[in-house]
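J.: coords please:
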Amino acid sequence: MTLLLGPAEEGLQYLIERHVDDQRAEISICPSSEALLKILHEAVLFVGHDSGITHLSSLVGTATLALFRETDPRQWRPLGPKVMVIREAEGGDAILNRILDLARKLAYNRADEMGEYEAPFPGNGLQQLYGSEA
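T.: Alright, predicted model coming up:
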């Protein structure tokens, strides 16, 4: 597992390291463009909020779980064949547990083992899961 941190999260590195219980986890802070593309290309799954890196992940073909809160995913969703969108107005444990559950399911649904992401990415490749605000 690789955690990508940007300039805004750099100060949280110590806190994140304390809460990540996977000894194989690597934290990458502001990687170079080449390193970022390599990380995204090799990833089984990318989970991120509505950001440029989330869009890059979907464009390189990585399974992407895009999290939206205030922006409208109908207008700003990442494009790509393996994109799942979650829009939730409120945070909290319920949405975090839902995101983690979906991430686990998607991570085990590896493209190299299945050929395609048929079940979680139906139709046009976009599945929208809306929470309390549609």
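J.: which secondary structure element of the protein has the lowest mean pLDDT?
T.: helix 111-114 (a mean of 38; mean pLDDT, DSSP states H and E).
J.: and the strands in the protein?
T.: 2-5, 26-29, 45-49, 63-68, 83-87, 126-130 (DSSP state E).
J.: which one of the ones you listed lies nearest to Ile39?
T.: Among the strands of the chain, the nearest to Ile39 by Cβ to Cβ is strand 2-5 (5.5 Å). Every C-beta, even on glycine, is put in place using the N, C-alpha and C of the backbone.
J.: contact partners of the closest one?
T.: 12-13, 16, 20, 25-31, 36, 39, 43, 48, 53 (Cβ atoms under 8 Å, 6 or more residues apart in numbering).
J.: also stretch 42-59?
T.: Contacts of stretch 42-59 (Cβ under 8 Å, 6+ apart): 2, 4, 6, 36-37, 40, 62-69, 71, 73, 76, 78-80, 82-83, 99, 103, 106-107, 110-111.
J.: filter these to the buried ones?
T.: With burial judged by 16 or more other Cβ atoms under 10 Å, the buried subset of the contacts of stretch 42-59 is 4, 36, 40, 62-68, 73, 78, 80, 82-83, 99, 103, 106.
J.: would you map the helices across this structure?
T.: 13-19, 33-42, 52-59, 73-76, 93-107, 111-114 (DSSP state H).
J.: quick one: average confidence on the second one?
T.: Averaged across helix 33-42, pLDDT comes to 93.
J.: and the angle from it to strand 45-49?
T.: Here helix 33-42 points in a direction 120 degrees away from that of strand 45-49 (axes from the mean of the first three to the mean of the last three Cα atoms, to 10 degrees).
J.: distance from helix 33-42 to the middle of the chain?
T.: 14 Å (Cα atoms, centre = their mean, to the nearest Å).
J.: just want the angle from it to helix 52-59.
T.: Using the same axes, to 10 degrees: helix 33-42 against helix 52-59 is 50 degrees.
J.: could we number from 26 for the rest of this?
T.: Done: numbering now begins at 26, and the last item shifts to helix 58-67.
J.: what angle do helix 58-67 and strand 88-93 make?
T.: 110 degrees.
J.: who's the residue most central in space within the chain bridged to?
T.: With distances taken as Cα atoms, centre = their mean, the residue of the chain nearest its centroid is Val72 (1.3 Å). Beta-bridge pairing of Val72 under DSSP bridges involves Leu90.
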